[in-house]
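Engineer: sharing a model that was predicted from the sequence below.
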Amino acid sequence: MKILLLWVLALAVRVHAERPRPNIVFLFSDDHALQAISAYGSKLTTTPQIDRLAEAGAVFENSFCANSLCGPSRACILTGKHSHVNGFRRNSNRFDGDQPTFPKMLQAAGYQTAIFGKWHLGSDPQGFDHWEVLPGQGHYYNPDFRQMDGSLRRYPGYSTDVIADRAMEWLGSRDPSRPFLLMCQFKAPHRGWSPAPRFLDRLEGEVLPQPETFGDHYEGRSGLLKENEMSIAKDLQWAHDLKFKGPNRFPEFFASGMKNEEYGRMSPAQKKAWDDYYEPRNEKFLAELEAGSLTDRDVVDWKFQRFLSDYLKCVAAVDENVGRVLDELDRRGLAENTLVVYASDQGFYLGEHGWFDKRWMFEESMRMPLLMRWPGVIEAGSRPTALVQNIDYAPTFLEAAGVPISSDIQGRSLMPVIEHPKVLPSGWRDAVYYAYYENDAIHEVPEHDGIRNDRYKLMRFPRTREWQLFDLVEDPHELRSVHDDPLYREVFEGMKKRYFDLRKFFGVQSAIIPSTRGDERQGKERTWKKRNARLTRLASEGPYDLAFIGDSITHGWESTGKQVWQDRYGKLKAINLGIGGDRTEHVLWRLTEGRQCEAKPKVAVVMIGTNNTGHWMQEPQEVAEGVKVILETLREQTPDTRVLLLGIFPRGETAWDPARLNNRAINDRLRTFADGERVRYLDVGGVFLEEDGRLSREIMPDLLHLSAEGYRRWADAIAGPLAEWGIE
Ligand code: SGN
Ligand code: CA
C-alpha cells in the first residue's frame, strides 16, 4: 500500500513537473449564437476579442448542448451528466447541489474556485471558495448579486461589465500559490436584450440581413413546429422586447403583457441615454405605422431589426469584456498556464425559421459556441471537428487538472481531441444524444429527444409519437424530414437503432422520468392540463377513503362506469385520479409536481401501464420500474396509504395479442412489488375474459376500455380486498 502510494505520488510529481496544473478561466455567456461570433463565420457582426481565443487556440466546429436551455445546460456542465441523471431537466427545477460537480472536485484537489454572474439553478452554488451570483435571470442594469451570506448586493453599472469586474477583482485577491478555477458567467445576450449605453447607437444605419429561413412555414415537418410561440413576427413584446414606452398602441401588431424590467432600475443618466436613443426612433416608426404607410411585412422587418440589433449590441459588450479578462490574464502573467474557455449555455435563433429563443434540437439552438486556448497544449488556429457536448467540459477540466474522472460521468474528456485536433481520436463517439423536457412552458416547444451524428439528425416527439429525420448535407437548414422517404429507409432504421442504444447507454428510461402533458391540445382546449389542475385541487381536499390512480380505464369510472361507481363508492369519500392517455411518467408528474399525493387515501387502487405498452410497446422491465417508482412515491408522500396494485388489464382480442402479452410480462414483475402488508397485488384480468381467453366486445367494446358491465366486474373483483382494509 505504502509503495503504491509512493508510486502514485511520484507519478503525480512527474506529471506536475512536465506540466504544472493549469488555471481554468471559464467565460460563459447566455444565449450567444454561433451566428454572432466571427470566429464561426458570422455574417452579422465581429467579435475580435473572442476571436483572440480562436487565433491562439481551438474553435470546436461541432459543439452541442445536451438540452438547449439555461439551467439544464449549466447542470450538464457542472456534473458532466445528462439532464435525466443530474435531475435538472427544466428551468423550474432546483439543482441538487449535494451531487458531485467539477468545481467541487477541483476544489478538493487544491484549486481555488470562484464564480460570478448568472447561475440560474435555484439552489446555492457549492464547491466554490467564493461566489456571487445573479438571482434567477438577473438584470442588465445595476444588477443585484446574491452573496455567500444570503444577502443581496447591488452593483451600479451594466451587468456584463460588472461581472467581468468582479471576476478580475477576485483574480487580484486570490492566493497566487495555488491554481484556480474562475467562472465568469455573463447574463448577456439573453432576452431582454438591453444594450449598454455606450453601445446603443452602434450599428446605426445598418440593415441586418435576414436568414434564408426567416419565412419558414414549417411544411414538411411535424405539425408541432407550428405551435411555437417564439416567432419574431408574432411573439415579440411591445415593451419588454421592442422597447416601446406606455401602453401598446397597436395590439394587432405587437404582443404585450411583459413590461420592460430594466428601465425602472436605471439611474437618471442611464435612462437619459436609453431614451435619447430609443424614443426618437420609436416615435418615427410609430408615426409611420399610424399614417398607414407601412405594410405588415414592413412591421415584421422592423421588429427583426430592432431585436437583432439590440442582441448584437449586447454581444458587443460580452466581446469587449472577454477582451478585458484576457488582457488582465496577460497583465498578471497568467496567460501561459491558463486554459481559457469561451462558451454559451446554448445557441439561439437569430431569425432562422422566423424565430428567436432556443430549445429545439435544430442546429441553431443545439449548437454551442466553444473555443479554448491553452498555450503549448492546444494548437493555435485549430478547428477540431469531433462531435463534442457540454457534458464533456467537466471531464476535460478534471483531466487538465490531473484529477481522476469518476466513472459515472457521462461526458468524455476532450483532451485527446485537443491534443490531436486534426485526427478524430480512435473510438470517439459517432453521435450525441439530446433531450429537451420543458414542454408546457413559455415558447411552446414540445418535449423531444434524439441523436445527431456527422450527417444525420433523428428526433422523436413523444406527444405525437412522431419521428423526424434530417439529412444535414442535403438539407442543412432542416426544412424537410425524410423519415418516411424510402430512399432513407436504411439510414432511418440505423439512426433509430443508435437512438435506442444510446438511450440505454445513458440510462434514459422515459417510464420513470416525471413528465407533463400540459401542452396537449384538443382543438383550443388543453384537456389534460385542465383535468390535472382539477385533480390537484380535489386531491388537496384529502384525506380520502379511496383513490383510483391510473389512465383512461380509471378515468372511465366517470363516464361508462359512473353508475357502478355511484352504487359502490358513492357513500365513501372517493377520488378518481385517472387521466386518459397517461403513461407511468405522467402519473409520476401528477403525484409529484401535481401534488396529487395530497389525496392521502386510506387505500389507493393503482392500475397503470397499458399506454406504455400501447404507445410504443415499452419493455416490460421499464414499465414495471415506472410502476415501482409510483409505489415508492406514494410510500414517501403518503406513508399510511395502502395500495391495491392491480395487474394491467388484458387487451386485444386473443391471448396472443402482442400488447396483451406485453402487459402480461409487466404483470409478472408487478406481482413481486407486493410486500404482504402495505402493498397488495391483485390480477383481476380473468374476470373480463371468455373461457377461451378471448375478450368479448360486450366487456371491452374496443378491446381496451371497459363497458358498464366491465366496471361492475372490476368493482366485484376488488370488493373483497377493499373490505379487508375497511373500505366498503
Ligand atoms: C425567460 C425568457 C424566455 C426564455 C427563458 C429561458 N423570457 O423566461 O424568452 O426562453 O427565460 O431562457 S424573458 O423575457 O423573461 O427573459 S434561459 O436561457 O434562461 O433558459
Ligand atoms: Ca440561455
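Structural biologist: Thanks, I have it. Ligands and ions are numbered 1, 2, ... in the order given.
Engineer: what residues are up against R306?
Structural biologist: L236, D241, L242, K243 (C-beta atoms under 8 Å, 6 or more residues apart in numbering). C-beta: built from backbone N, CA, C; applies to glycine.
Engineer: where does the closest residue to P125 other than its chain neighbours land in three-state SS?
Structural biologist: Leaving aside its sequence neighbours, P125 sits nearest to W131 (C-beta to C-beta, 6 or more residues apart in numbering; 4.4 Å). Three-state call for W131 (DSSP: H, G, I helix; E, B strand; the rest coil): strand.
Engineer: so which strand or helix has R460?
Structural biologist: When elements are assigned from DSSP states H and E, R460 belongs to strand 456-461.
Engineer: the residue in the stretch 151-300 of the chain that ligand 2 sits nearest to: what secondary structure?
Structural biologist: Taking C-beta to the ion, ligand 2 has its nearest neighbour within the stretch 151-300 of the chain at H190, 5.8 Å off. Three-state assignment for H190 (three-state DSSP): coil.
Engineer: for the residue of the stretch 201-350 of the chain found nearest ligand 2, which non-adjacent residue is closest in space?
Structural biologist: Nearest to ligand 2, among the residues of the stretch 201-350 of the chain, is D345, at 4.1 Å (C-beta to the ion). Closest residue in space to D345, ignoring its immediate chain neighbours: S73 at 4.0 Å, by C-beta to C-beta, 6+ apart.
Engineer: separation between that neighbour and E229?
Structural biologist: Look at S73 and E229: by C-beta to C-beta, to the nearest Å, they are 21 Å apart.
Engineer: what residues of stretch 528-536 count as buried?
Structural biologist: W528, K529, R531, N532, L535, T536 (16 or more other C-beta atoms under 10 Å).
Engineer: what's the helix or strand for the third one?
Structural biologist: Put plainly, it is R531. Assigned by DSSP H and E, R531 falls in helix 527-539.
Engineer: ok so, going back, report the distance from the next helix or strand after the strand holding R460 to the chain centre.
Structural biologist: Heading C-terminal from strand 456-461, the first helix or strand you meet, by DSSP H and E, is strand 466-471. Here strand 466-471 is found 20 Å from its chain centre; the criterion is C-alpha atoms, centre = their mean, to the nearest Å.
Engineer: run through the neighbouring helices and strands of strand 466-471.
Structural biologist: Judged by 3 or more C-beta pairs under 8 Å, 6 or more residues apart in numbering; DSSP states H and E, the packing partners of strand 466-471 are strand 456-461, helix 489-506.
Engineer: swap the cut-off to 6 Å and go again
Structural biologist: Applying 3 or more C-beta pairs under 6 Å, 6 or more residues apart in numbering; DSSP states H and E, one finds that strand 466-471 contacts strand 456-461.
Engineer: and the gap between the residue nearest to P125 and S426?
Structural biologist: 40 Å.
Engineer: which one's more surrounded, these two?
Structural biologist: More crowded of W131 and S426, by other C-beta atoms under 10 Å: W131, with 21 against 6.
Engineer: wait, the more buried one touches T113, no?
Structural biologist: No: assessed by C-beta atoms under 6 Å, W131 is found out of contact with T113, at 8.6 Å.
Engineer: my read: V605 touches L644, true?
Structural biologist: Yes: if you go by C-beta under 6 Å, V605 and L644 touch, sitting 4.8 Å apart.
Engineer: since we're on the closest residue to ligand 1 within the chain, how many residues are nearby?
Structural biologist: With C-beta to the nearest ligand atom as the measure, C70 is the residue of the chain nearest to ligand 1, at 2.9 Å. Applying other C-beta under 10 Å, we find 20 residues neighbouring C70.
Engineer: got phi/psi on it?
Structural biologist: Note on C70: backbone dihedrals following degrees, to the nearest 10 are phi -60, psi -70.
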